[in-house]
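1. got a sequence here, can you model it:
(chains A and B)
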Amino acid sequence: ETGVTQTPRHLVMGMTNKKSLKCEQHLGHNAMYWYKQSAKKPLELMFVYNFKEQTENNSVPSRFSPECPNSSHLFLHLHTLQPEDSALYLCASSRTGTGAYNEQFFGPGTRLTVL
Amino acid sequence: KQEVTQIPAALSVPEGENLVLNCSFTDSAIYNLQWFRQDPGKGLTSLLLIQSSQREQTSGRLNASLDKSSGRSTLYIAASQPGDSATYLCAVSGSGNTPLVFGKGTRLSVIA
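-> Have a look, this model is predicted:
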């Protein structure tokens, strides 16, 4: 596959469940991002990893836990979520996280529903 | 804190019409500006990237302009088609480690 892929595409979970979202980029990029998109709100940046190091945590609740084992893979571990966490979660990557190379390419997203 | 505003929030036009989408940002110290397209329930597709030193970029029927000093960008779509129906998002990036800041988007409907 090419570009940025995300799995699963749809996820329904209860508030007590633990699940993980996966993102993989095939672009040779070194920066990866998690965004949350809720209805009628702008995209909200959650986390940024640049060369596997977390460089941004945008005041995200601890029930969201990111993991970046290498520059090609990014995970978002979910536990004890709330119904208001239901949203489209988008992953993106860029060559680096700064300057002229931060044109971002997005995956198709995971539609998360918390019951 | 950078804020990005897109006007109008929604737009409906007949097929074949030329149209302009607007984006404004509060802090003119940007590194680049990016326009995206998003189809319902899907991810974002990058359309055009304008570096701060550039005034416009073109791709096919799309033309994006940037006036950094006034904090404005426009996306011009020529000869619109029903397949252009989507939400168009504008995002700006500051220098250094500043990540992209997005507007809420303009939802475009092109009626056949």
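
2. quick check: beta-bridge partners of residue B:110?
-> Note on residue B:110: beta-bridge partners residue B:13, judged by DSSP bridges.

3. check contacts around it.
-> For residue B:110, the contact set (C-beta atoms under 8 Å, 6 or more residues apart in numbering or on different chains) comprises B:12, B:13, B:14, B:15, B:17, B:80, B:81, B:82, B:83, B:84, B:85. For every residue, glycine as well, the C-beta is placed using N, CA and C.

4. which SS class is the fifth one?
-> By that I understand residue B:17. Of the three states, residue B:17 takes coil under DSSP: H, G, I helix; E, B strand; the rest coil.

5. same question for residue A:60.
-> Assignment for residue A:60 (three-state DSSP): coil.

6. which phi and psi values does it adopt?
-> When read as degrees, to the nearest 10, the backbone of residue A:60 gives phi -90, psi 140.

7. check it and give its pLDDT.
-> Confidence at residue A:60, expressed as pLDDT, is 92.

8. that one reaches residue A:46, doesn't it?
-> Yes: taking C-beta atoms under 8 Å as the definition, residue A:60 is a contact partner of residue A:46 at 4.9 Å.

9. if we can go back for a sec, as JSON lines, the contacts of residue B:110 with neighbour count would be great.
-> As requested, those are exported to JSON lines (neighbours: other C-beta atoms under 10 Å in any protein chain shown):
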{"residue": "B:12", "neighbour count": "11"}
{"residue": "B:13", "neighbour count": "16"}
{"residue": "B:14", "neighbour count": "9"}
{"residue": "B:15", "neighbour count": "13"}
{"residue": "B:17", "neighbour count": "12"}
{"residue": "B:80", "neighbour count": "21"}
{"residue": "B:81", "neighbour count": "12"}
{"residue": "B:82", "neighbour count": "10"}
{"residue": "B:83", "neighbour count": "10"}
{"residue": "B:84", "neighbour count": "18"}
{"residue": "B:85", "neighbour count": "18"}
